[in-house]
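Engineer: When you get a sec, could you give me coordinates for this:
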Amino acid sequence: MSSPPGEEDATEGAAVYVDSPSLGWIPCTLLSVSPDGSSASVRPRQDGVPAAPLSVDLSNPLYASGALPRANVHPESGAPVQVADLCDLTYLNEPAILYNLGARHAAGLPYTRTGDIVIAVNPYQWMAELYGDDNKGRYADHYIHSRGGGDDNDRPPPHVYEISAAAYVGLALHAADQSVLVSGESGAGKTETVKIMMNHLAALDGSSHTNEQGTSSVVRRVLESNPLLEAFGNARTSRNDNSSRFGKYIQLQFDAEDPYAAQLKGRQVPSCVLAGSRCRTYLLEKGRVAGHDGMERSFHVFYQLLAAPQDFREQVWPEGLRGSHSVPPQTFACLGVPSTDTIEGKADGQHHHVTVGALRLIGVTEDRLVMLYRAICVVLQLSNLVFSPHPDDDDKTHIAPDGLALLSELMGFDTPATVERALTYRTVVTRHERLSVPLGPVAAADVRDAFAKEIYGAAFDWLVGTINGATAAEETYEARGDVEKFGIIGLLDIFGFESFEVNRFEQLCINYANERLQQKFTADTFRSVQDEYAAEGLPLGELRYEDNAGVLGLIEGRMGLIAILNEECNMPKGNDATFVSKVYTWNEHDDIHGQKKAPPGKKTASAALPLVKETLYMNLEFGIRHYAGLVRYHAAGFVKKNMDNVPSDLVECAGKCGNMMIQEEITKKAVLSKMRPKMGRRKRTLSKPTVWNKFRGQLGELMEELGRTRSRYVRCIKPNKEKKPEVMDNVLAMEQLRCAGVV
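Structural biologist: Model (predicted):
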C-alpha cells in the first residue's frame, strides 16, 4: 500500500480515516492490510466507543494511491490534535481538515487559517468577546503597528480581522489596492463576515472627522448602507432567514497617506482614512417578487412596510395600507402567508424602523421616501390583479376593475385605461405597419409579472445609485480636492456554488461566476507559488491543481452555452428544447475546449469532458462537470429568463407614470438597451439584450478590477442545516470544503 505524498505508509495501530456515505469520514484504528494491498481491516474509534472491525476496499478513489488517509493524534494519548493553522497538521488531507474544523467549531472557535486564507465556520451565535474594541486593537497592534513581527507564539488566534488588517497594511504600506473575496453557500455567514470586516476597517484609523458619538459621518453612512441592501435585497429562504438574493462588491475608498511622507513625519505606518465607498450589485433575484416557495418569503422590505406604524403606511398609500394594525401579508397575492414575522431576533416592524433611519441618513426623506415606498406598493398591487377571458372575446383579457383602479391611482394615471392596455395588448412592429395584438389571460399575467420584476429592479437600482451618491468619496469626502486617487479595499460578497435537486438558469449563472472566481483562486494560491519558487531558483515538486479552463470554454466559448442561448433568444421561435439540442450538437467533438475524449475503454484525466449527457437525463436536461462536481441542469424557462428587453408597451406605460423613479429608471434602461446593441453569432443580425450578456459583461469588469488588486480569501462554511451552535454535519461541511476549493 503506497501512501499519498507527504504521508508515510500506515502501520498496524495507526490512526486513520475511512470513507462513510452517511458520516463523511470515520476515525479508525488500522488493524491490518491484506498482503496484496487491496483491502484493510480497521476498528472505528468514534466517540471512544469500541466497535466491531470493518473490512475496507482500498480501491475506493477517495483513498489516494490506495492508502487510508492518516489522522493527526497525540503520539502518547492518541487524542486528536487540534491546530489553528491547517498548515501545521502533520497529515493534511480531507478528513483531517474536516475533523480539525469540527473540533474548533465545537470549542467555540469559528476561525481557522490555512496559510493566508481564513476559513470561517458559522457559529450561529454572536460571540461578543471576539468583536469588541479590545480585540480589534489586538489585531491592529500585531498586524499593523508591529506588522506581524515578534514571536509566532504571540500571534493572535485566527480571525477575519487578520485578513482586514493585512489588506489595510497592503494599502497603507505598499500603496497597492486590495480585495477580499468572501464565498460560501447560503447560510454560511458571508454577509455577516463582510459587515464584521467593514466595521474593523472603519475602526483602524480614527483620524476622520467625528460627531458627538465618536463616529465619523462618512463611516456611519458607509456602515448603514448594509441594512438598506439587506432590506431590499435579502429574503428568507429554506436555507437562511436573511439570505442575500444578489451579489455585491463594496469598494471601501481610503485617503491613503504617501508612505514617504509618513516616514518623514516619523510614522512607520501611513494613515489610511476611510473616505467613502461604492457598491456594485449583481444578479438580483427579481423573480422572487412574482412568487416563492411556501416556507420562504419575498424581499424583507415588503413585510417591513406592512408592519410599519399606521401614520407611515397611510402616508405612503392610504387606499391600500389603511388600518390601525399591521396589514396581513396575505392581503397581497405575491406574499402569501409567511411562516414568521421575525428575522434574526427582530420583528419586521423593528427592522422597518432601522431601514427608514438608514434611508434618511443617505438623504432619502419626505417626497423621495414616499416615492420609493409607493413603487414597492405598485409591485404589491400588481400581484392582486385578477385576469379572466373577456366576456366579448375569449382571445382578449378582462382585468377585475377594483384592483385595476387601485393600481391606476397608485401609479398616478387619470384613468385605468393606460395600464390596462399595457398589460393586455402587445405592440408588434413589422416593416410596413404597427399592430396591437390582444393577449389572453395567461399571457397578460406573464406581462404583469414582468412589469412587477422590472419595477422592483428599478427601485433596487435606484437605491444602489442613491447609496453610492451618499457614500462615494468623490462626492462627499471633505478633503476630496486634495486626493489624487483614493485607495481601494474591495469586499466581494457573492453567491456560492449551488447544486440542488432541480437546477435552473439562476444556478447556471451563479455557478458560472464561481467558475471564474475559482480560476482566480487557483491562480492566486497555486500558480503564484510555482512562479515564486521558479523566480528564486528553488526546486519545487510537481504542483497539481484542477484547471477549469474546459468548463469556462463550454460556457463562454465561441460555441458555448452563452452564445447558443443568446442566439436562441434571437430566433422567432427560439425555445429551450432547441437550445439543449444545440448544446450537445455543437459541443460533442474532441478537443473543442482544449480537452480530448479518451480512447474507447480507457479512462484518463482528460476523459472528464465538461459537458455530460446521461441516458437517464430528460429532454431538457444537460450536465456540466464543474470544479465542485457534476451538476444536472433543467433548461425549462432558459430562453424566457435570458430575455432582458422590456416590452415597448410597458416602457410607454412607465413613461407616463406619476412615480418619477419608475418613470426615469425604466425609461433609462430602455434607452441604454437601444444605444448599445450587441452583435450576434451571425454578424448580420443584432442580438436582443440578454441577462447573460449583461452578467458576463459585469463579471468581466469585476474580474478586471480584482486583477488590479492584491486578493485575499475568506471561505465561509455552514456547519449544519438546523442553525445549531457547536454542531457539525460532516457530510454538509465536506461538500462545502470541496466546493470552496479548500480540499
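
Engineer: where does residue 464 land in three-state SS?
Structural biologist: Using DSSP: H, G, I helix; E, B strand; the rest coil, the structure places residue 464 in helix.

Engineer: Likewise for the one 3 residues further on?
Structural biologist: Reducing the assignment at residue 467 to three states with three-state DSSP gives helix.

Engineer: what are the phi and psi values for the residue lying closest to residue 201 once chain neighbours are set aside?
Structural biologist: In space, and not counting its chain neighbours, residue 201 is closest to residue 164: 5.2 Å by Cβ to Cβ, 6 or more residues apart in numbering. For every residue, glycine as well, the C-beta is placed using N, CA and C. The phi/psi pair for residue 164 (degrees, to the nearest 10) reads phi -70, psi -40.

Engineer: now the one 3 residues further on
Structural biologist: Per-residue torsions, residue 167: phi -60, psi -40 (degrees, to the nearest 10).

Engineer: Where do the helices of the stretch 351-500 of the chain begin and end?
Structural biologist: 366-382, 401-411, 417-424, 441-471, 473-476 (DSSP state H, counting those that start in this stretch).

Engineer: could I get those helices as CSV with mean neighbour count and mean pLDDT?
Structural biologist: Formatted as CSV, these follow (neighbours: other Cβ atoms under 10 Å; pLDDT from 0 to 100):
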stretch, mean neighbour count, mean pLDDT
helix 366-382, 20, 98
helix 401-411, 18, 97
helix 417-424, 20, 97
helix 441-471, 20, 96
helix 473-476, 17, 93
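
Engineer: Distance to residue 647 added to those helices, as TSV?
Structural biologist: Formatted as TSV, the helices of the stretch 351-500 of the chain follow (distance: least, Cβ to Cβ, whole Å):
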stretch	distance to residue 647
helix 366-382	15
helix 401-411	17
helix 417-424	8
helix 441-471	7
helix 473-476	35
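
Engineer: between those helices, which gets nearest to residue 25?
Structural biologist: helix 441-471 (42.9 Å; Cβ to Cβ).

Engineer: So which other helices or strands are in contact with the closest one?
Structural biologist: Judged by 3 or more Cβ pairs under 8 Å, 6 or more residues apart in numbering; DSSP states H and E, helix 441-471 is in contact with helix 217-233, strand 272-282, helix 366-382, strand 387-390, strand 393-399, helix 417-424, helix 648-655, helix 660-675.

Engineer: Reformat the ones you listed as a markdown table; add distance to residue 258.
Structural biologist: Formatted as a markdown table, those follow (distance: least, Cβ to Cβ, whole Å):
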| stretch | distance to residue 258 |
| --- | --- |
| helix 217-233 | 21 |
| strand 272-282 | 11 |
| helix 366-382 | 40 |
| strand 387-390 | 65 |
| strand 393-399 | 65 |
| helix 417-424 | 57 |
| helix 648-655 | 49 |
| helix 660-675 | 39 |
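
Engineer: what about stretch 107-120, start to end distance?
Structural biologist: 14 Å (Cα to Cα, to the nearest Å).

Engineer: Would you mind measuring from the residue nearest the centre of the chain to residue 709?
Structural biologist: Centroid-nearest residue in the chain: residue 495, 1.6 Å away (criterion: Cα atoms, centre = their mean). From residue 495 over to residue 709 the distance is 20 Å, taken as Cβ to Cβ, to the nearest Å.

Engineer: list the contacts for the nearest residue to residue 17 once chain neighbours are set aside?
Structural biologist: Spatially, and ignoring its direct neighbours in sequence, residue 17 is nearest to residue 95 (3.8 Å; Cβ to Cβ, 6+ apart). Residue 95 sits next to 17, 24, 25, 27, 69, 71 when contact means Cβ atoms under 8 Å, 6 or more residues apart in numbering.

Engineer: Nearest to residue 634, out of the residues you listed: which one, please.
Structural biologist: residue 24 (28.2 Å).

Engineer: so what's the closest one up against?
Structural biologist: 95, 98, 730, 731, 733, 734 are the contacts of residue 24 under Cβ under 8 Å, 6+ apart.

Engineer: what about the fifth one, which SS state?
Structural biologist: So that's residue 733. Residue 733, by the three-state scheme (three-state DSSP), is helix.

Engineer: Look at residue 150 and report its pLDDT.
Structural biologist: The per-residue pLDDT reported for residue 150 equals 53.

Engineer: Correction: the previous question concerned residue 496.
Structural biologist: pLDDT, read off for residue 496, is 84.

Engineer: Could you do residue 21 as well?
Structural biologist: pLDDT, residue 21: 91.

Engineer: before we move on, what about the one 10 residues further on?
Structural biologist: Looking at residue 31, its pLDDT reads 96.

Engineer: now do residue 264
Structural biologist: Residue 264 is given a pLDDT of 87.

Engineer: For it, grab the count of nearby residues.
Structural biologist: By the criterion of other Cβ atoms under 10 Å, residue 264 has 9 neighbours.

Engineer: Which parts of the stretch 1-150 of the chain are strands?
Structural biologist: 15-20, 24-33, 39-44, 54-57, 111-114, 117-121 (DSSP state E, counting those that start in this stretch).

Engineer: deepest of the ones you listed, which one?
Structural biologist: With neighbours taken as mean count of other Cβ atoms under 10 Å, the strands of the stretch 1-150 of the chain reach their highest mean count in strand 117-121, at a mean of 24.

Engineer: what is the mean pLDDT for that one?
Structural biologist: Here the average pLDDT along strand 117-121 is 97.

Engineer: is it possible to export the strands of the stretch 1-150 of the chain to JSON lines including distance to residue 437?
Structural biologist: Output for those, formatted as JSON lines (distance: least, Cβ to Cβ, whole Å):
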{"stretch": "strand 15-20", "distance to residue 437": "60"}
{"stretch": "strand 24-33", "distance to residue 437": "57"}
{"stretch": "strand 39-44", "distance to residue 437": "69"}
{"stretch": "strand 54-57", "distance to residue 437": "65"}
{"stretch": "strand 111-114", "distance to residue 437": "60"}
{"stretch": "strand 117-121", "distance to residue 437": "54"}
